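A.B. asks: Generate coordinates for the sequence data below:
(chains A, B and C)
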Amino acid sequence: MTQALVWFRQDLRIKDNPALANANQIGNVLPVYIFDDTVPEEGSMGGASRWFLHHALESLNKALDNKLLIFKGDPKEIIPSLCKSAQCQHVFWNRMYEPWAISRDSIIKTTLKSMDINATSSNGSLLWEPMSVLKKDGTPYKVYTPFYKNGCLKQAPPRYPVNTHHTKFAESSVEFPDLARLTISDLQLLPKIKWDEKFYEMWDVSENGAQDKLAHFITSSIDNYDEQRNIPSVEGTSLLSPYLHFGLISPNQTWYAVVDAFEGIDSAKERKGVGVYLSELGWREFSYYLLFHFNHIQRENFNSKFNIFPWKNDTQSKQDLTAWQTGNTGIPIVDAGMRELYKTGYMHNRVRMIVGSFLVKNLLIDWRRGERWFWDCLVDADTASNAAGWQWVAGSGADAAPFFRIFNPILQGEKFDKQGEYVKTYCPELSNLPNKYIHKPWDAPPIILAEAGITLGEDYPHPIADLSATRKRALDAYSSIKKAV
DNA sequence: ATATAATTGGT
DNA sequence: CCAATTATA
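C.D. replies: Presented below is the predicted three-dimensional model:
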């Protein structure tokens, strides 16, 4: 019987896995995961991602009847070596779109071809292939709305999820003389310091866990998604991002679960929620699209005018960065967000924009500092979404928020966390402060602070930035690069 | 060519 | 009102 190697990467699922489905049709499947220790620094997984990956692999291995083969090293060597040892004539994988992954995979494809082995890659993680969405003049879109509405929605609908039952596994007696077969624990993905306790409450890292999140979202949140998704104290978003990143669920499963559930529903309200959610999946597509067509956006400004932007990098701003990272800026909504991130490996989307704007605009710290911190702390850390998101906030990106649009964290807090519930969850020392001051404790009269049991500078920090002064400073910095070529 | 819509905002 | 850029009519 023919042996087919399935190389799992960011598609850690059984259902709707095109590579696995293809392999099933060919013969016996040899499922493989390789922890690639040759990825460049910018793609090397951060702590939270590694935590998620550990559990995702455990779940996948279980679903594969404990047949998953684990290795660590250079896939460019391991994949061909595996094919030799196991006499595989076919290799299947689902495509990744990180630039380093694209070049790695094309090298592997060439090697395999030279060995007379069939290598087949499929699209398992995007609704529309980036190369097939272009403007009429043949160049890529740089603005989201026309990209999504004209580029994506007007072409063929996304692939419908495929069935992948009946996997037959290759002989387990195959030996790999040249390779060390590892266990998942051998990869040492779990943190040495116990900062991940809260992660377990929040994330059921399994394919079923992803399906549960999706089902729960469809029954309880999507009809009010339009408004509720902006309220961080409410579970109004899908919470699917880490599952989508590691491929425990595909965007196709998500897209059609949502579309099918609301087929025939007339309620304009619910239909709106669905439309807005689908367009958020569109934003994910747009991020991958930009990374695919403009590889440099991961490390460099999409808009090169920002290359001379006067980011601050002095002693003060190093302290500011630490205060931001640890949630001690003295701006409640910012601190709540940063503490949520560190505790749970996640941060609400609305709050990501607020903390991002504060770092980049009020503190004038290079967006890449924020990008790196998010990369290390987020369980859903994703090269495309992270880079596109930060550049959007910084104003340096495609279809970015213009730099002069500077979020005011007090107003954002008062608008989206009216009762201060979110702030109080992550900054409990502010729990007894009246709503009126919950987003600006420094404005509270001394008596109110005393009654709330807060001494600023002791129980909770003084704000590290004057919002209106730093706003002006940001506008000046921006106009300094505006004139530049 | 030139106008207009669109882009998770603040004063 | 402020203001930058892109896509398309």
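
A.B. asks: Let me know whether the helix or strand containing residue A:290 sits next to DNA strand C.
C.D. replies: Residue A:290 is located in helix A:268-293, with elements delineated by DSSP states H and E. No: applying CB under 7 Å from any atom of the strand, one finds helix A:268-293 separated from DNA strand C by no less than 10.2 Å. C-betas here are computed from N, CA, C, even on glycine.

A.B. asks: what helix or strand is the residue in the stretch 301-450 of chain A that DNA strand C sits nearest to on?
C.D. replies: Scanning the stretch 301-450 of chain A for the residue nearest DNA strand C gives residue A:402, at 4.6 Å (criterion: CB to the nearest atom of the strand). Residue A:402 belongs to no helix or strand when elements are defined using DSSP H and E.

A.B. asks: so what pLDDT did the closest residue to DNA strand B within the stretch 101-250 of chain A get?
C.D. replies: When scored by CB to the nearest atom of the strand, the stretch 101-250 of chain A has residue A:145 as its residue closest to DNA strand B, at 4.2 Å. Reported pLDDT at residue A:145 in the predicted model: 91.

A.B. asks: Got the phi and psi for it?
C.D. replies: As for residue A:145, its main-chain torsions (degrees, to the nearest 10) stand at phi -60, psi -50.

A.B. asks: Only the buried residues of the helix or strand just after the helix holding residue A:290, if you could.
C.D. replies: Next along the chain after helix A:268-293, taking DSSP H and E as the criterion, comes helix A:315-326. Of the residues in helix A:315-326, A:317, A:320, A:321, A:323, A:324, A:325 count as buried by neighbour count, 16 or more other CB atoms under 10 Å.

A.B. asks: Likewise for stretch A:66-79?
C.D. replies: Taking 16+ other CB under 10 Å as the basis for neighbour counts, the residues of stretch A:66-79 that come out buried are A:68, A:69, A:70, A:71, A:72, A:73, A:75, A:76, A:77, A:78, A:79.

A.B. asks: likewise stretch A:206-214?
C.D. replies: Of the residues in stretch A:206-214, those scored as buried under the neighbour-count criterion (16+ other CB under 10 Å) are A:206, A:207, A:209, A:210, A:211, A:213, A:214.

A.B. asks: Keep only those of those residues that are in helices.
C.D. replies: Secondary structure assignment by DSSP state H places A:207, A:209, A:210, A:211, A:213, A:214 of those in helices.

A.B. asks: quick revisit: remind me what the helix holding residue A:290 packs against, helices and strands.
C.D. replies: Of the remaining helices and strands, those touching helix A:268-293 by 3 or more CB pairs under 8 Å, 6 or more residues apart in numbering; DSSP states H and E are helix A:144-146, helix A:225-228, helix A:251-261, helix A:383-394.

A.B. asks: If you count neighbours, what's buried in that helix?
C.D. replies: For helix A:268-293, the neighbour count (16+ other CB under 10 Å) marks A:270, A:273-274, A:277-293 as buried.

A.B. asks: how about it, does it get close to DNA strand B?
C.D. replies: Yes: for a cut-off given as CB under 7 Å from any atom of the strand, helix A:268-293 has contacts with DNA strand B, namely A:280, A:283.

A.B. asks: Can you give the distance from that helix to the centre of its chain?
C.D. replies: Averaging C-alpha positions (CA atoms, centre = their mean, to the nearest Å) puts helix A:268-293 14 Å from its chain's average.

A.B. asks: Pull the number of nearby residues for residue A:243.
C.D. replies: Burial measure for residue A:243: 30 neighbouring residues, criterion other CB atoms under 10 Å.

A.B. asks: For the stretch 101-250 of chain A, what lies in contact range of DNA strand C?
C.D. replies: The stretch 101-250 of chain A comes close to DNA strand C at residues A:135, A:136, A:140, A:141, A:142, A:143, A:146, A:150, A:151, as judged by CB under 7 Å from any atom of the strand.

A.B. asks: any idea which of those has the most stuff around it?
C.D. replies: residue A:151 (23 neighbours).

A.B. asks: So that residue is in contact with residue A:131, correct?
C.D. replies: No: assessed by CB atoms under 8 Å, residue A:151 is found out of contact with residue A:131, at 11.8 Å.

A.B. asks: Can you work out which other helices and strands pack against the helix or strand where residue A:415 lies?
C.D. replies: Element membership of residue A:415 [criterion: DSSP H and E] is helix A:409-416. For helix A:409-416, the packing partners by 3+ CB pairs under 8 Å, 6+ apart come out as helix A:332-344, helix A:349-357.

A.B. asks: tell me the most buried of these?
C.D. replies: Using mean count of other CB atoms under 10 Å, the stretch among these with the largest mean neighbour count is helix A:332-344, at a mean of 25.

A.B. asks: Between helix A:409-416 and that one, find me the angle.
C.D. replies: Taking axes from the mean of the first three to the mean of the last three CA atoms, to 10 degrees, one finds helix A:332-344 and helix A:409-416 inclined to each other by 70 degrees.

A.B. asks: Tabulate the buried residues of stretch A:66-79 (JSON lines), appending pLDDT.
C.D. replies: Shown next, in JSON lines, are the buried residues of stretch A:66-79 (pLDDT from 0 to 100):
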{"residue": "A:68", "pLDDT": "97"}
{"residue": "A:69", "pLDDT": "97"}
{"residue": "A:70", "pLDDT": "98"}
{"residue": "A:71", "pLDDT": "98"}
{"residue": "A:72", "pLDDT": "98"}
{"residue": "A:73", "pLDDT": "98"}
{"residue": "A:75", "pLDDT": "98"}
{"residue": "A:76", "pLDDT": "98"}
{"residue": "A:77", "pLDDT": "98"}
{"residue": "A:78", "pLDDT": "98"}
{"residue": "A:79", "pLDDT": "98"}
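
A.B. asks: Take those and keep only those in strands.
C.D. replies: A:69, A:70, A:71, A:72, A:73 (DSSP state E).

A.B. asks: Could you pull up the residues touching the third one?
C.D. replies: Right, residue A:71. When the contact criterion is CB atoms under 8 Å, 6 or more residues apart in numbering, the partners of residue A:71 are A:32, A:33, A:34, A:35, A:78, A:82, A:179, A:180, A:181, A:182.
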